[in-house]
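> Dropping the sequence and predicted coords here.
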Amino acid sequence: MFRFKNTANNQQDMTSTAIIGAGPAGNYLGYLLAKNNIQTTIYEEHSEIGRPIQCTGILTPSITELMKLDNEFVVNKMNYAELFSENQHVRIRIQDIIVDRTKFDLHIARMAEQAGAVIKTSHKFIGIKDGRLQFRKEDSFIETIQTKHDFLIGADGPNSTIAKLINPTAKIKYYIGKQVLVKNKFEKDTFQVYLGNNIAPKFFGWCVPENESYSRIGVAALEQPCKYFDALLQRIKQKMNIEQKDIISYQGGLIPVYDPKFKVSMYDKINNIQLAVIGDAALQIKATTGGGIIPGMRAAIPLTEHILKGKSYESGLKQLNKELKLHLLLRNTLNKFTDKDYDNLLELLKNPSLKEELHKTDRDSSTKLIIKLLIKEPRLLRYGLKVFF
């Protein structure tokens, strides 16, 4: 777990930070700030932290660089990934972790509270007026609460109100994700990925088991997500003899596409407050997989340095942005794939040396992983050429 040298003084003791959104990024930032004597309040729109669920909950082992794992929220561990294209199938060893998102979010929220942060639920941020933040209580359409802070941090997801203040003219692209929780018999330690333009153009479908009895099946797409979701669900239902009564719940959400030109901070001169965004609100999402938990939590470290010591938030994001740009480049390459390209790629991935590298190297270290894969299999370069042609 990362630690900062405590340099608290009278000025820092008076510094007040408001974080909008009690997801992993917001709660982790709140934890880092509070344990360094920054007065921190986290405002959550919903009455319950961690709900509604809008995520598969897959994490790579790099989460352990940020926090300790706890059986309270770890529901499963993946040892294999099965990739399916139109005519190919490959099984790869992995080391992923599946978390219960509600319990995971609540765990980090408790970390923040134990460090000294205050969390207020049922508080929807609606804007700034005369230098004061305004909130609407969940049970009222009229009443507003006004309070003043020195820093306002948006960890409020894909439709971030604060991101719109910083980037008023930005045109954000979103994948629309839809998934179901299904009860059936599943291979507990294996998740499935479905690739192809008839399955999920420019993204993929998935089947991620929580345990041997429950799994999350879903798809994300830029357009017509229901069409592709229904087709994949029907395919898996027939394959595994799943009946309609086995579907426990439906879930969905937006996955923003990373944009390196998106601004993550600004000083609001009118309201005399420093604004910044983090996590999904800052588009800190891996474009290859849609994963944003670990990038968002990693971004909390330089943002804490910014608030605590005045260091540049943007400069502190340099390494993370490098990784996210590479994920975006890979996604743009995959978006040009034909079904035959996917078939050929999966055929290459049957190479034992590639399988071993995919097992050993964390996907959140994408630069390192790609270099190693290219050394093992130079023919992968042919797909990189699709970026330019």
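Arrived safely, thanks for sending.
> And the helices in the stretch 1-150 of the chain, which stretches?
Here the stretch 1-150 of the chain has its helices, by DSSP state H, counting those that start in this stretch, at 10-14, 24-34, 101-115.
> and G291, which of those is closest to it?
Closest to G291 of the helices of the stretch 1-150 of the chain is helix 24-34 (C-beta to C-beta; 11.3 Å). Heads up, the C-betas are built off the backbone N, CA and C, glycines and all.
> and the angle from that closest one to helix 101-115?
10 degrees (axes from the mean of the first three to the mean of the last three C-alpha atoms, to 10 degrees).
> Which of the helices of the stretch 1-150 of the chain has the highest mean neighbour count?
Of all the helices of the stretch 1-150 of the chain, helix 24-34 has the most neighbours on average by mean count of other C-beta atoms under 10 Å, namely a mean of 30.
> chain center to that helix, what's the gap?
In terms of C-alpha atoms, centre = their mean, to the nearest Å, the centre of helix 24-34 is found 15 Å from the chain centre.
> elements contacting it?
strand 16-20, strand 39-43, helix 101-115, helix 293-309 (3 or more C-beta pairs under 8 Å, 6 or more residues apart in numbering; DSSP states H and E).
> Can you say which of these is nearest to A163?
strand 16-20 (10.2 Å).
> Show me what the closest one is packed against.
Using 3+ C-beta pairs under 8 Å, 6+ apart, the elements in contact with strand 16-20 are helix 24-34, strand 39-43, strand 151-154.
> can you do 10 Å?
helix 24-34, strand 39-43, strand 123-129, strand 132-137, strand 151-154, helix 161-166, strand 273-277, helix 293-309 (3 or more C-beta pairs under 10 Å, 6 or more residues apart in numbering; DSSP states H and E).
> quick check: mean pLDDT across it?
The average pLDDT within strand 16-20 is 96.
> Compute the distance from the centre of it to the centre of its chain.
For strand 16-20, the distance to the chain centre is 21 Å (C-alpha atoms, centre = their mean).
> residues contacting P52?
H46, R101, T102, S249, Q251, G252, G253 (C-beta atoms under 10 Å, 6 or more residues apart in numbering).
> Highest neighbour count among those?
R101 (22 neighbours; other C-beta atoms under 10 Å).
> Show me the domain layout of this structure.
Domains of the chain are assigned by automatic domain parsing as 10-52+101-171+259-319, 174-256, 329-387.
> mind putting these in a markdown table, distance to A81 included?
Below are the domains of the chain laid out as a markdown table (distance: least, C-beta to C-beta, whole Å):
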| stretch | distance to A81 |
| --- | --- |
| domain 10-52+101-171+259-319 | 11 |
| domain 174-256 | 6 |
| domain 329-387 | 8 |
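> Out of those domains, indicate the one that is most buried.
Among the domains of the chain, ranked by average contacts under mean count of other C-beta under 10 Å, first place goes to domain 10-52+101-171+259-319 (a mean of 20).
> re earlier: nearest to G177, out of the helices and strands packed on strand 16-20?
helix 293-309 (14.2 Å).
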